[in-house]
Every structure is written in C-alpha cells, then in structure tokens.
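Asks: based on what follows, work out the 3D shape:
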Amino acid sequence: MKKQHLLCKLLTVLCVTVLFFTMMSCRSRENEGEETTIPDTIEMSEEPTETVPGTESEETTSAQTGEEESNSPSKVYQTGTGPDYSDYLNRPAIDKALKDTGAIAIALDANRIYQNGDFQALDSPLVTKENGTLTVDPALVAKATGKIVTGNNLFEIANSMQMAFAVYDNRLVLFYKGTQIPLDLFDDCYTYEALYLYLIDANEEEIANAFIQLPDLVTDGAHTASFYNAPDLNLGLQTSVYRNALGRVDGVEEGPALVAGEGRNENNHTLVRVYNRSQACIAQFLAFDSRVTGGVQVAAGTYSHEGTQNTVIATAPYLNEYKAARKVRIFDTWGTLRTEIAPDSRIAAPYVIATGHFLPDVADEVLLITSAATDQDGYLWMSFCSLRDGSVYKTCRLDCSFAKEDSILLSVRENDTKPDHIILYFTQKNCAYEGNAAEMQLENIGIQLPANASGVYPSANFGEKYIVTLKKAADTENQSFVTIYDYSENVWGNLVDVGFRENVFYSNLAEDNDSGYVDHMIFRHLRVEFGCGALGKVLQASANGQTVEEALNNTTLDDWRFGGLDGQRDAYRTEGNTLLEPCFTHRWNKIESLARLSSYKDEDGNPLYASIGRDNNTSTYLEIGSEFYIGTYADANIDLAKLRLLPLRDYVRGMSATFRGAEGIPERLVGISPVHEHEINVAGSIGDYNINMVKGFASYLLEQYGSVENINRLFGTPFANADEIDPPRDGAFGERGDWDKYSGKYFQQWSLYNRYIVNKRIMEAYRETMLAGFPPEAITAHQIPEGDAVSGFLGEADTRLSPIDVVMSAGTAFGATRYGMFINDKTNFIAVAHRSGHKSIELGEYCSLSISSRGALKQLEYLWKNGVRCINNLWFSEKQLAAEQAATQKLAQKNLPRPGYTGGTISTMGVRQGSSSYNIVQVGDADNEGLLKSVTSDGKWEGTVYLVPFHSHINVESLPMTAKTNTANHTGAVTGLQNGDQVEISFLASAKKGSNASVKIEVYHEGCKLENATVTYAIREETGSYRYVYLSQLAPENIEIVVTFHEENGNTDAITVEQMSATLQTESIGKKYFDGAKGALEKSAPHLGGVSFDLLTREMK
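Replies: Numbers count the residues shown, from 1 in each chain. Model prediction:
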C-alpha cells in the first residue's frame, strides 16, 4: 500500500515537472503576431520632478460635497505616537488607581507597604492572622505611615485615619479616602493579586506571570483610541499586553509583525489589518473612501524624525474607479492617517508601490511609486518619495518599449552594503529585470520563467536567488508550487511543492503514509492541570490545618507548573504526526483533590469552585457512562484562574521549542487545541449560578447599561441597588416577576453573559498558546457546535451553552466535535464554517455513527471537500469502527490532494532572523483567502508564520456621520454588531491660531452612555488626524457614537473639520445562535483575492 502511494506521488510530481518544462517561456515572445526581442537591459533616465509636494490644507472632500475629489499636493498631518501596551501592565495599573489618591495597601505577613505611589520596606509585617481573622497593629501602621493611628480592629483603625477600607481575599487590606473604592474587589481582582505580590516582595518571575486586568480603552491620549466592549475576547489586545509581561520563549524566535491588505478582487474594499509578532490582529482600518473597491496594496517602511524611528504603512488601491483612489495614503501602525501623496501626473493610476533603501544618499527607507502598467509608448515612470512628508527625492523614466501597456509587479531585494534592488516583472512578456536606482539600469535576470509564472521575488535562503510563484494549472489545481533559482548556471530552476502539508488529510484511523495525501495522526488529549503540584496542596490542606482556599493561597509559581514536559517532548519527537490538546475543562474527574474543590464552600456557605444550578444546589455531569463534577468558569476566582492557565502556560511554552526551536519539527504538528468542549451545562438550569457568576453578571450589566436605573428601565427588573441584581431563575425561588422567567430580553442577557464567560475561557487559552509561539492557523478548538448538536436559546430552555461564534472569528483555525450523519443538513456547522473561509478545520471527536462504509465514506468525502483537515475518530460499536476504517481506507486509495487554501501561489517575502532565514509564501491564488506560510528551502513548513489574514469577506457600510462643528454629529443607531465587527471613525481637524478647541467622542448603548468609552482630544492649529474605533466582541443591541467639537469661547467656526468618515465593518460569518440556521449560511461568505502583505519588523527583512 505504501509503495503504491509513493508511486502515485512520484507520478504526480513527474507530471507536474513535465508540465513545468513544456510551459517554460523563451527570451522572446510573439505579440500580436510579431516577435518582440526582450532586451538585456532597461535604461533609467532621471527626469525633472513635476511638482514639489507641499503641506497645505486640503479642500473640502467629496464626502461633504458629494463631488469627486480633485488632485492636490501631498499633505502631512499631526498624529499621536500610538498606544504603548506596557502602560497597561500591573504596576502602571496599580499606580494609576492608587498613586494620587492617598491610598495605603498592606498585606498578610508582607514586608512592604504601598503608599504615595511607592513600595516601602517594613521592619516587620503590619498584618497577621489569628483564628482566620486578619489583625492589624495600629502602632506599626502609625510608624510606617506617619499618621495618628488607633483602634482595636480594622473599622476603628480606618476611622482614626479618616479613611475607608477593603479586604481582598482575607490577605490584603486597602485603606482609601472617600466613598468610592479605587480598585473594585471583583472587577480588579487581578490588580489586587499583583499588588499582593509586590507587597510580599515576590520574585520577578512570579510578578511577570501574574494575570492582568485588560483595559477596555486603549489610547495614545492625543489622536487615536480603540474601545473594546469585551477586551478579554480580543487576541490582539491580550497578546500585546501579556507579551510585555511574559517576554518571548527561550529558544523560540518571534516572527515578524505583519501588515496585510485585502487582495485584488472587485468585491473587496481597502481594508488593512496590522498583526503583532504573535500574528494577532491589533488594528483594522479602511485605507480609502468606502466607494473605492478592488483591494489595496500595502508597503511598510521606516523613517527617522526628531530622533524617533517611525514605522508606517503606505497604501494604494488596485483599481482606479474614483479620483479618491488616485493617491497614495500613508498610515501609522494603528491606522491613523499621516500623509497623503498625489503622485506625479505622468504616473498613471492605479499605482504599484514598494519601499526600500533605494537611494544611497538617503538614510531612511524610501517609497517607490510607479504605474501598474507601462504606457502606450512603453514608458514607465517612477517617483522615489519621502515616507515622512511625501516630498520627491528623484523621478525616473524607464524605456520599456518592448512591453507596451504591459502590467508590472515590483519586489525588492534588500542589500546590506549598497542600495536595495528593484525586481521588475512584466506579466504579459513574462520576463523580469533587476537593478537599482543608483546605477540607473536594470538587467534581465537571465532565467527561463515558467509560462504560468505569477511573480518574481528574491529569496532569503542561503544560496537561493529567486522564487517564482506559479498560477495553478488545470491538472494541479489544488496544489501550490514555486520555482526556486539558485546562483548556478541552471536557468530552469527547481520546482518545489509548498502546499503539500495543506493537501494532506489526517486521521487517527489512517495508515502511516508520509508521502500520501491521507496520513495517520496521533490525537494527544492531556488534562494539564492534573500535572501540577497545587492539587497536591489541596489534598494536604486538612492535615496542615488549612482550608482549601488557604492552601491554594500559599502556593508559588512552581506549584502550578506542568510536571510531565520531558515525556511530552519525547513523545512529540518520536511518535509521528500529532494533534496536541493540552487543556483544562469544567468536567472534573472524580478524584479526591477535585472532590475537595467541588465541595468547598466559603464562609457564607457558597460553593466557591463548583458550578451550581438556579436553586443554588450543585450537580454532576454525565457523559458516555462517566460522571464528572462540574467546575465553574466564573471570573474573579484567582485559584481557578491559576489552575486553568498556569499549567497550560508552562506546557505550551515548554513544548514550543520542541515544535519549532533550533531542533524543532514543525511539520509534525497537525495542530494544537488548548480547549476541550468548553461550555456551561448545569442540569435543570440555564447557566451557572456560582456566586461569582452572579456578581459577574451584575458587573456585566452595569458595564453595558451604566446604572441600575437603566437596567430596571430596559428589562423591567426591580433592583434597588447593584447588590440586588440577580439572574433569572425561572421560579426556583417562587414568583418574582416576568424578568425571572427563562424567556424575554433579561433572560437573553443572562444567556449572553454565560456565553461570554465560556468564550473568555477559550480566548485566554488561545492567548497563552499564541504567546508561546504557536501561530494562529495552527491553533484550533474542540467545541460542540451549537445549533447542530444542541439547539439555540431562542424559544426554549436548553441547558447547554456551547458557543462557537468567537472561535469562528478569532483569526485562528476552527475546530469542533460532532457525531452522527449531518451531510443532508445544508446548514450544518461545516457548511457555515467553510463558507466563512475556514479550510483548516479539526474535528476533535467524530463518528458518522453509520454501520455502512458507503454512508461513512459519503460524509467523510464531504468533510474532505469542505475544509476539514483532520479528524479524531471515536466509535461506540465495532460496526461503526469498521465502517469508518473502510471509509478512511477508500479515501486513502484515491490519494488526491485535499482542496483548501492551496491552488497556485501569488507572492513571497523573505525573512532574515540572525543566522537563519525563511520565505513567507502566499499559498493559494486570487480565487482564495491567502494563507501566509513560512517555508524552508525544500518547501516544508518552517513553523513561525501560519496566518490567514482574512478568513471571511468584510462588509463595509458608510454611516451618516456629518462634520458640523456647531452641533453633535451622530452615527445613527448601529445594530447587529457581533464579535469581530467594528465601527471606525476618522477625520482631520484644525483650529485657528489662539483658539482653545477640542473634540469629544462618546458611545451610547441602548441610549445609555458608556463612561469608559469617552475620549477628549485637543485640536491644534496644525491639521491633526484623529481616529476612534469601537470594537465589538459581544452582541450589543444598539450602539451610537457621537462626536462633538468644542471651543472655549463658543466660537466653533474656528474649527475646521475635513474628511469625516464613519464606517461599519462587519465579518461575513454566520452564527446560528444569532442568525438561525438558514440565516447563518446566507450571511457567510469567504474572503477572496488573497492579500497584499509586508513586514513591519523591518530589521527582519
């Protein structure tokens, strides 16, 4: 069997190679019946620059007048620096809350005190514990603070200092002034925990591993802000903040930060996404007017100004249908407009752009602008411009008379000791030239290009000179090849398959077959929390005279480490293709340590660690004949947060080097799922009524609606204050009103909150995995798909809350669990996921349950065709197993490359990282999503980059935002927002000299002002660029954003506002919970056109 597969593979390669050689182009081509000689060189002549761009203000835009924009000189706008994510770490958060308030923090057995913004050493602890009660010595407090302190208990001590106090977790005391506590005991528990670590003078590693309260508003304080309605669900924010605390993994190099634009397709707009070094999206912005469609090119570059290095993103549309597209616009890495360039009129739009060190006398990178095609006389004009202000350094004309009206592509070869080279590829003549602007000449690269070439690029790998991307061929339409040329005299190059890994279908029932398209996979499910020592402390608590809670409070970071790493590494190295599933789950095995956690209650009798029902009673969970305790996923339980995340953190960071370190084996990793069927499912109830879930629900409602009064008004609830807020319990405590029923709007909020908590637990696991160095398209889930295995919440009381909406739109791969025959359901979860652009789907548990091999094969082939890449088969009878084995064998016998992201290649970019290098290849052509994959010289996955920047199509809708300075400007009601959607507002503003002007931006939800979302920025004489983004991770009913301009003396005429833009940007991802089965399928649409992309980490290029 293996020999047959190998023979088939060899025959496939032979056929492709024959096709490759027969389609090679010659040095001369026939053009309209005439033979045209391809010259050896192209001469560049320097020409006078047409205009010197200035910085004057732009006239009123088409958005205000309804007319198309006219050409204008280049302009530079004032912007901020962009946010600094280190501002949101624990120490800055502590100081921000406490430093200027006069607050004092002390802790149990701590040798430090916090006051006046500093941690000060103590001679002896101020807090001890007697019989479970905290005791504070007033004399020692007086000595440490210099205050008059008296009293026998905390109340008296606080009163003597004219302060209030709060106690966190019975081990930290915070004294504060006034009636408003500066740190909330529930919402800010992570900050309290970090404060405690600082007070006990914990080591740096303990502090670095502390959890962080994520901000909902990220701003530079001057020009740009992003408001997240649930920051815990945004991987870009999470990874950016936590990266500053944790650092990179030893032995694992970080990948480059990237920028990607929507590729060439008439249905695309000009959206750009910015990715951090974990390949999580940190910004999305619309580069041009929403009327401009067809996709957008991106080119990143750096320049130095006033001692600061600036990285910016140049953008240019692929199509030229509006005058608004006849500019090159430059943005900072947060999407704020910095510069607009109106290119030389001799350069016809649409443009092609590139950046590099092209000019020897200019230290900064330079922006090259040229036309997307030669003109009718065969000339190609180029401008070399400043990335800072658009000024033109040099204008050149190339005589390309051999290729009149031929479209061109540009790529850049970085050179360390001389100007960067331009590689110019003529798509119709199928020839390429390389040279630099200093020597004023480009030379034919002297190789034979395949007839199906799609681009010519430099290779970063040692000994390789060019990589030529290839269009898909008819007989290899599902495969992706490139041709690599070295520095030898071999002008034909070597054909390399860069998509073989994506063409393979993996199954635990398949035979080992490294050369075939169906291969064996090991599914390694691992409960990582079982491998940590903290559970041992739980068992020892009683013998040590401690409660369970006290025992866990006395743990160190070492107690939470995963204990079996060496064995896991060895297994990965030796056992073949592996799907890793290191996870924590709410299903707790019935072992003694978890039994003690499940039964433990706080001093008020509330189960602290277990999920409970609407009647406040605990229950168990049954699955396939096994019974489990049900742990809670509730917030503000530090012990469970550590149990969920610290062993996982230790595992993924420990396994990362084995995956892709110096001796790693990236190709062996089929995928990694750090979650396993996360859900809330308590028998007889909808939702988890753990005390922290109830508190969290109250906090969630207050964040969404602002006040108890607003909650009562909108939902008909009778609460007198926040402490009374309670979820609906469907009559468990008697008749409490309609709001208490499992129906209606209030119940929907309870359902949505539980879903949010489950999604939060998934996203924090994803965060840890990405920070460890596993790229997003290798990360998958193992979720029960709602609406397939279980029904939704509307109209009925389903006890299982198992959301998949966030994992569908998180920017990672998708995965699920599913049993049974569902192929005849045209709206099944695979159909929706595939139509949403997912083609690397994992099924962590699967069985068709058919006893017929024909039936099993029919569904297996459906999965194979519709984006499923790997399945872990389970079965419940020998007949089911036999059917699945037979189906898998038949699929293997066909030995066809799996369709998915593959099918041609369209661009590459080299990456240099110390002594190593690799190339990022865009796998798939313009009919696909655009998978960015780092590959080695033999086409295998290198492991660092694995990213699909746009899975689904993004809809862009203009909102009716005006630009009046004498009245409020409204977006109008924005409805239907879901995870991954956003509202973006951008504008230019200036004020007359001597005026004191500002702009305020506010957000309202259901008419309730969201105080945390408000920003106010000064407007100055120089025209400034402003940007505000509302990012949705939840499902708000009705959002409205209001922009108001102010002038100190009421003279709003002194303010000039230009280019006011407000757009709604929504993902085409159907979600059965919200859209229904049919609606979910109809809403879903994949991204097409691939992407344009560049490296933001410029030193790696």
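
Asks: show me which helix or strand of this structure is least confident by mean pLDDT.
Replies: One helix or strand of the chain scores below all others by mean pLDDT, DSSP states H and E: helix 62-65, with a mean of 31.

Asks: quick check: next helix or strand after it?
Replies: Per DSSP states H and E, helix 62-65 leads on to strand 75-76 as the next helix or strand towards the C-terminus.

Asks: chain center to that next one: distance?
Replies: The chain centroid and the centroid of strand 75-76 are separated by 31 Å under CA atoms, centre = their mean, to the nearest Å.

Asks: strands paired with that strand, and their directions?
Replies: Here strand 75-76 is paired, per DSSP bridges, with strand 337-341 (antiparallel).

Asks: which other residues reach the partner strand?
Replies: 53, 58, 72, 74-77, 79, 312, 327-332, 367, 369, 385, 387-390, 986, 988, 1025, 1027, 1059 (CB atoms under 8 Å, 6 or more residues apart in numbering). Every C-beta, even on glycine, is put in place using the N, C-alpha and C of the backbone.

Asks: now stretch 202-217
Replies: 88-90, 93, 187-191, 193-194, 197-198, 225-229, 231-232, 237-238, 241-242, 245-247, 556-557, 638, 641, 645-646, 649, 703, 1012-1013, 1015.

Asks: report how many residues lie close to the closest residue in space to residue 745 that isn't next to it in sequence.
Replies: In space, and not counting its chain neighbours, residue 745 is closest to residue 715: 5.7 Å by CB to CB, 6 or more residues apart in numbering. Using other CB atoms under 10 Å, residue 715 has 19 other residues around it.

Asks: before we move on, which element is residue 933 in?
Replies: For residue 933, the host element (DSSP H and E) is strand 931-935.

Asks: so, low pLDDT: which residues of the stretch 501-650 of the chain?
Replies: The stretch 501-650 of the chain contains residues with pLDDT under 70 at 624-625.

Asks: report the longest strand in this protein, please.
Replies: Using DSSP state E, we find that the single longest strand of the chain is strand 1055-1067.

Asks: list the buried residues for the very next helix or strand once past that strand?
Replies: Toward the C-terminal end, the helix or strand that comes next after strand 1055-1067 (DSSP H and E) is helix 1072-1083. Applying a neighbour-count criterion of 16 or more other CB atoms under 10 Å, one finds 1072-1077, 1080-1081, 1083 buried in helix 1072-1083.

Asks: leaving out chain neighbours, which residue sits closest to residue 592?
Replies: Closest residue to residue 592 apart from its sequence neighbours, by CB to CB, 6+ apart: residue 539 at 6.2 Å.

Asks: got it, and residue 959?
Replies: What sits nearest to residue 959 in space, not counting adjacent residues and going by CB to CB, 6+ apart, is residue 1062, at 4.0 Å.

Asks: again with residue 838
Replies: Of all residues not flanking residue 838 in the chain, residue 814 sits nearest, at 4.3 Å (CB to CB, 6+ apart).

Asks: neighbours around that neighbour, how many?
Replies: Close neighbours of residue 814, defined as other CB under 10 Å, add up to 29.

Asks: verify the stated contact: it with residue 806.
Replies: No - at 10.7 Å, residue 814 does not count as touching residue 806 under the criterion of CB atoms under 8 Å.

Asks: correct me if wrong: residue 273 contacts residue 287.
Replies: No - applying CB under 8 Å, one finds residue 273 not in contact with residue 287, separated by 10.9 Å.

Asks: what residues are shared contacts of the two?
Replies: Counting by CB under 8 Å, 6+ apart, the residues touching both residue 273 and residue 287 are residue 261.

Asks: distance from the chain centre to stretch 565-576, please.
Replies: How far stretch 565-576 lies from its chain's middle: 29 Å, per CA atoms, centre = their mean.

Asks: no, scratch that, I was asking about stretch 466-478
Replies: 30 Å.

Asks: show me which residues of it are buried.
Replies: Those buried within stretch 466-478 under the rule 16+ other CB under 10 Å are 466-473, 476, 478.

Asks: the residues you listed in strands, which ones?
Replies: Using DSSP E, the members of the buried residues of stretch 466-478 that fall within strands are 466-470.

Asks: show me the strands in the stretch 851-1000 of the chain, by range?
Replies: Assignment of strands within the stretch 851-1000 of the chain using DSSP state E, counting those that start in this stretch yields the ranges 868-873, 905-913, 916-923, 931-935, 941-947, 954-958, 969-970, 982-991, 997-1005.

Asks: give me the sheet partners of the fourth one and which way each runs.
Replies: For strand 931-935, the paired strands and their directions (DSSP bridges) are strand 916-923 (antiparallel), strand 941-947 (antiparallel).

Asks: for the ones you listed, give me TSV that also has mean pLDDT and mean neighbour count.
Replies: Output for these, formatted as TSV (pLDDT from 0 to 100; neighbours: other CB atoms under 10 Å):
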stretch	mean pLDDT	mean neighbour count
strand 916-923	96	24
strand 941-947	97	26
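
Asks: need these in JSON lines (columns: distance to residue 1021).
Replies: Shown next, in JSON lines, are these (distance: least, CB to CB, whole Å):
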{"stretch": "strand 916-923", "distance to residue 1021": "43"}
{"stretch": "strand 941-947", "distance to residue 1021": "42"}
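
Asks: which residues touch the residue nearest to residue 959?
Replies: Residue 1062 is in contact with 958-961, 971, 983-985, 1041, counting by CB under 8 Å, 6+ apart.

Asks: ok, now with 6 Å
Replies: Residue 1062 sits next to 959, 961, 971, 985 when contact means CB atoms under 6 Å, 6 or more residues apart in numbering.

Asks: do residue 454 as well
Replies: By CB under 6 Å, 6+ apart, residue 454 lies in contact with 469, 471, 906.

Asks: at 7 Å instead, please
Replies: Counting by CB atoms under 7 Å, 6 or more residues apart in numbering, residue 454 makes contact with 469-471, 904-906.

Asks: mind telling me what element it is part of?
Replies: Applying DSSP H and E, one finds residue 454 within strand 453-458.

Asks: buried set for that strand?
Replies: For strand 453-458, the neighbour count (16+ other CB under 10 Å) marks 453-458 as buried.

Asks: now the residue lying closest to residue 326 once chain neighbours are set aside: how far from residue 264?
Replies: The shortest distance from residue 326 to any non-neighbouring residue, by CB to CB, 6+ apart, is to residue 349 (4.5 Å). Residue 349 sits 15 Å away from residue 264, taking CB to CB, to the nearest Å as the criterion.

Asks: now the helices for the stretch 101-250 of the chain?
Replies: All helices of the stretch 101-250 of the chain, identified by DSSP state H, counting those that start in this stretch, fall at 138-145, 154-160, 189-199, 204-208, 235-246.

Asks: how about the ones you listed in a markdown table, adding distance to residue 1008 and mean neighbour count?
Replies: What follows is the helices of the stretch 101-250 of the chain, written out as a markdown table (distance: least, CB to CB, whole Å; neighbours: other CB atoms under 10 Å):
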| stretch | distance to residue 1008 | mean neighbour count |
| --- | --- | --- |
| helix 138-145 | 40 | 18 |
| helix 154-160 | 34 | 16 |
| helix 189-199 | 25 | 22 |
| helix 204-208 | 37 | 14 |
| helix 235-246 | 23 | 22 |
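
Asks: among those, which is nearest residue 674?
Replies: helix 235-246 (12.5 Å; CB to CB).

Asks: other SSEs contacting the closest one?
Replies: strand 281-286, helix 744-771 (3 or more CB pairs under 7 Å, 6 or more residues apart in numbering; DSSP states H and E).

Asks: closest to residue 158 out of the ones you listed?
Replies: Evaluated over the helices and strands packed on helix 235-246, closeness to residue 158 peaks at helix 744-771, with 34.0 Å, by CB to CB.

Asks: list the buried residues for the closest one?
Replies: Burial within helix 744-771, assessed by neighbour count using 16+ other CB under 10 Å, is assigned to 746-771.

Asks: remind me which residues of the stretch 201-350 of the chain are low pLDDT?
Replies: Answering for the stretch 201-350 of the chain: no residues sit below the bar, that is pLDDT under 70.
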